[in-house]
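Enquirer: Fold the stuff below for me.
(chains A and B)
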Amino acid sequence: MSLNQVWEAASASPYSPLIAKDSQFFVGFSLLLAAFILTGLFGLNRSFTSIALFGVPASLAFGFGAVYMICAVGVYV
Amino acid sequence: MRPLSALTALCGLFLSTSSFVCADSTSSSSPVALPSDFKPAQVFKNINLVRNTNLEKSYLRETINVVVENVAKQAQSDYYLALPSDLYDKVGVLEVRDKSAPEKGRLNVQATEIDPSRDLQYYIVHFSEPLAPSSQIILGISYSVLNSFSPRPAAIKQMDRQYLTYSFSAYAPSAYTTVTQKTKLKLPSTNVPEYTTTDLKSGADPERLGTSYTYGPYDTAQVAPGTSYPIVVRYEFTKPVITASLLERDLEVSHWGGNLATEERYWLRNNGSELLDHFSRVEWTLSSYQQLPSSSIRELKYPLKPGSVDPYFIDDIGNVSTSRYRPGTVPSRDASLELRPRFPIFGGWNYSFRVGWNNDLSTFLRRAVGSSDSYVLKVPFIEGPKASEGVQYEKVVVRVILPEGARNVRWEMLDKASSNGLPSSSQIQAEVSEHRTFMDTLGRTALSLTVVGLTDEARDSQIVVTYDYSLWDGLRKPVTITAGLFTVFVAAWAVGNLDVSIKKR
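Expert: Below is the predicted model:
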């Protein structure tokens, strides 16, 4: 099967990203803001429970937020 | 520090899994070495040969249709295609097709090593099946030759008309005896101040009809193969001879951003007549106002795919503001990017610049059927400016930058039933490497395709790339950043727990 046939066969499934280009800034900014607030909350009480309660969600929000924010400003990673 | 380094090592272990990259198409057939006194065995005869030479563009485009007969007693499968030594190393894309079976595509052609002691150099055309004795095959041979014209005079005034000369042999170069042959020249204008006339046939030679000049037909059954009869044509070509000594084209796929970013870097040169005097701004303004034809590159028109956005045009100094962008309408009308370089590029002058733009990835990328982790990408091989005078590329490096962790990269150039100026896969040097840029941990998988000698005829060609890319590969970036920040939190907590008081324990 030639690669062009693979392309033709896949005509029904064009790739669509999870977050459309127009929403990248909103999603990225919201996640980074959430990460900022959660980090602040962690800073108030640096206990082991705070890591689970604020640290983990803040890290996740920062990880995904940073990726969407860099895409939103035109550096498509 | 120990838990931190252990965590880092663990991260590294996770991240380096599934980073193996392979490509099955890293092929380039090496030229065959022939002995210096090599002469192909006279096992074929060219019954009829028609050569169409197109001089309308800034590069030479030749199409030779030849009826070949096997005159040997055994079946033959290798045909030696001869070209003069001075043309051989300038030949861009060469393709040979069996005209009676166009559905079989192009025939396999192998280059031979250049031997300066020989007048003729050879390509070996391998037939798809051996040609039986006394049977015939019609070959359609087409190729482009870069930098084959020389400007005469070599230096002109700014407002002067430009003339190019082209030298060739009235007898088409061949390794075998040719019974009849003719050459049709297609010139860009009727202003042809000089051309060689011959007495090789009765009547006028060449026969002229508008911008077409026909040399022949000649009865050359008694003429030894390899005999040449020099012809020189000098014609008006008041257009730039646009040559890109190097074009680097990057196509960057972003799954997270849903974007295909294209950037092209040009090292451009005008190979036309040089300026006799200094550049005159007054004369230039006058000729621009009157829209007189000029041998300089005034403007480059760049059609882009519908839906192209965020175009930029920069050179060594910075942004070039003399450009205009007209966005097209999706899906039918092309966008158009009109670039005016900082200065008109006259003969012998250089200009290097870069242009880039973005497209939505959904038009170019699909999920392959049957596997959720396989993707298929179809992108234009080269785009480049569209000019009536043509653009020749001495070297083109197309880099398809896939997301981090993409593997099992396979590629294919889409061929058409007729000649399309595309190189065969043996003329393309393919290499899979790593490309590191923003937010990368392992580096992205980059497929580089290098072609030497290409023309803008290949503008509409497409390349299909398939690759595997799992969900974990996609999550690598956010997970790395998440792990980084999480480490900071854990470190903050651990440091906070240290008892550094000076009280008595």
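Enquirer: Geometric centre of the chain: which residue is closest?
Expert: If you meant another chain, say so; for now it's chain A. The residue at the geometric middle of chain A, judged as the C-alpha nearest the mean C-alpha position with C-alpha atoms, centre = their mean, is A:F64 (2.5 Å).
Enquirer: hmm, I had chain B in mind actually
Expert: Here the mean C-alpha position of chain B is nearest to the C-alpha of B:L454 (C-alpha atoms, centre = their mean), at a distance of 3.5 Å.
Enquirer: For B:T243, see how far away that one is.
Expert: As for B:L454, its distance to B:T243 is 11 Å (criterion: C-beta to C-beta, to the nearest Å). C-betas here are computed from N, CA, C, even on glycine.
Enquirer: Quick one: name whatever helix or strand follows the helix or strand of chain B with the lowest mean pLDDT.
Expert: Sorted by mean pLDDT, DSSP states H and E, the helices and strands of chain B end with helix B:2-16, the least confident at a mean of 40. Moving toward the C-terminus from helix B:2-16, the first helix or strand encountered (DSSP states H and E) is strand B:44-54.
Enquirer: Mind checking the pLDDT average for that next one?
Expert: Averaging pLDDT along strand B:44-54 yields 95.
Enquirer: and it, what other elements does it pack with?
Expert: Secondary structure elements in contact with strand B:44-54, counted by 3 or more C-beta pairs under 8 Å, 6 or more residues apart in numbering or on different chains; DSSP states H and E, are strand B:60-70, strand B:178-186.
Enquirer: May I have the strands that pair with the longest one, each with its orientation?
Expert: Note on strand B:60-70: by DSSP bridges, its sheet partners are strand B:44-54 (antiparallel), strand B:136-145 (antiparallel).
Enquirer: I would like the residues contacting the helix or strand following the shortest one, please.
Expert: The C-terminal neighbour of strand B:136-145 among helices and strands, as given by DSSP H and E, is strand B:150-151. When contacts are taken as C-beta atoms under 8 Å, 6 or more residues apart in numbering or on different chains, the neighbours of strand B:150-151 outside the stretch itself are B:Q162, B:Y163, B:L164, B:T165, B:V241, B:N271, B:G272, B:S273, B:G347.
Enquirer: cutoff 10 Å now
Expert: The contact list for strand B:150-151 (C-beta atoms under 10 Å, 6 or more residues apart in numbering or on different chains) reads B:162-167, B:234, B:237, B:241, B:271-274, B:295, B:347-348.
Enquirer: Could you tell me which of those residues belong to helices?
Expert: When the contacts of strand B:150-151 are checked against helices (DSSP state H), there are no matches.
Enquirer: In chain A, where's the longest helix?
Expert: Taking DSSP H as the assignment, the helix of chain A that covers the most residues is helix A:24-44.
Enquirer: residues near A:A12, how many?
Expert: When counting by other C-beta atoms under 10 Å in any protein chain shown, one arrives at 8 neighbours for A:A12.
Enquirer: what ranges do the helices span in chain A?
Expert: Here chain A has its helices, by DSSP H, at A:3-9, A:24-44, A:48-50, A:56-72.
Enquirer: I'd like these as CSV, with distance to B:S254 and mean pLDDT appended.
Expert: What follows is the helices of chain A, written out as CSV (distance: least, C-beta to C-beta, whole Å; pLDDT from 0 to 100):
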stretch, distance to B:S254, mean pLDDT
helix A:3-9, 20, 90
helix A:24-44, 11, 96
helix A:48-50, 35, 92
helix A:56-72, 7, 97
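Enquirer: Mean neighbour count, those: which tops it?
Expert: Per-residue neighbour counts averaged over each of those give the maximum for helix A:56-72, namely a mean of 22 (mean count of other C-beta atoms under 10 Å in any protein chain shown).
Enquirer: by contact count, what packs against that helix?
Expert: The criterion is 3 or more C-beta pairs under 10 Å, 6 or more residues apart in numbering or on different chains; DSSP states H and E, and the helices and strands that helix A:56-72 contacts are helix A:24-44, helix B:471-497.
Enquirer: where does the stretch 1-150 of chain B have low pLDDT?
Expert: Counting by pLDDT under 70, the ranges of the stretch 1-150 of chain B that qualify are B:1-29.
Enquirer: contacting residues around the nearest residue to A:F48 once chain neighbours are set aside?
Expert: Leaving out its chain neighbours, the residue that sits closest to A:F48 by C-beta to C-beta, 6 or more residues apart in numbering or on different chains is B:W493, at 6.5 Å. For B:W493, the set of contacting residues under the criterion of C-beta under 10 Å, 6+ apart consists of A:F42, A:R46, A:S47, A:F48, A:S50, A:I51, A:G55.
Enquirer: Model confidence at the last one, what's the number?
Expert: Confidence per residue is given as pLDDT, and for A:G55 that number is 95.
Enquirer: what about the closest residue in space to it that isn't next to it in sequence, neighbour count?
Expert: Once its chain neighbours are removed from consideration, A:G55 has its nearest residue in B:F489; the separation is 3.7 Å (C-beta to C-beta, 6+ apart). The burial count assigned to B:F489 is 22, neighbours taken as other C-beta under 10 Å.
Enquirer: Check B:N497 too.
Expert: Around B:N497 there are 10 other residues, counting by other C-beta under 10 Å.
Enquirer: Surely it touches A:F48?
Expert: Yes: at 8.7 Å, B:N497 and A:F48 qualify as touching, with contact defined as C-beta atoms under 10 Å.
Enquirer: circling back: which residue packs closest to the residue nearest to the centre of chain A, ignoring adjacent ones?
Expert: Among residues not flanking A:F64 along the chain, B:P478 sits closest, at 4.7 Å (C-beta to C-beta, 6+ apart).
Enquirer: if we can go back for a sec, identify, from the contacts of strand B:150-151, the entry nearest to chain A.
Expert: Distance from chain A was checked for each of the contacts of strand B:150-151 by C-beta to the nearest C-beta. The minimum falls on B:V241, at 35.1 Å.
Enquirer: what pLDDT does that closest one get?
Expert: According to the prediction, B:V241 has pLDDT 95.
Enquirer: which residues does it contact?
Expert: B:57-59, B:147, B:149-151, B:162, B:164, B:269-273, B:295, B:297, B:347, B:389-392.
Enquirer: Just the buried residues out of those residues, in PyMOL syntax.
Expert: Applying 16 or more other C-beta atoms under 10 Å in any protein chain shown to the contacts of B:V241, the buried members can be selected in PyMOL as follows:
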select buried, chain B and resi 57+58+59+147+149+151+162+164+269+270+271+272+273+295+297+347+389+390+391+392
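Enquirer: circling back: got a pLDDT number for the residue nearest to A:G55?
Expert: Looking at B:F489, the pLDDT reads 95.
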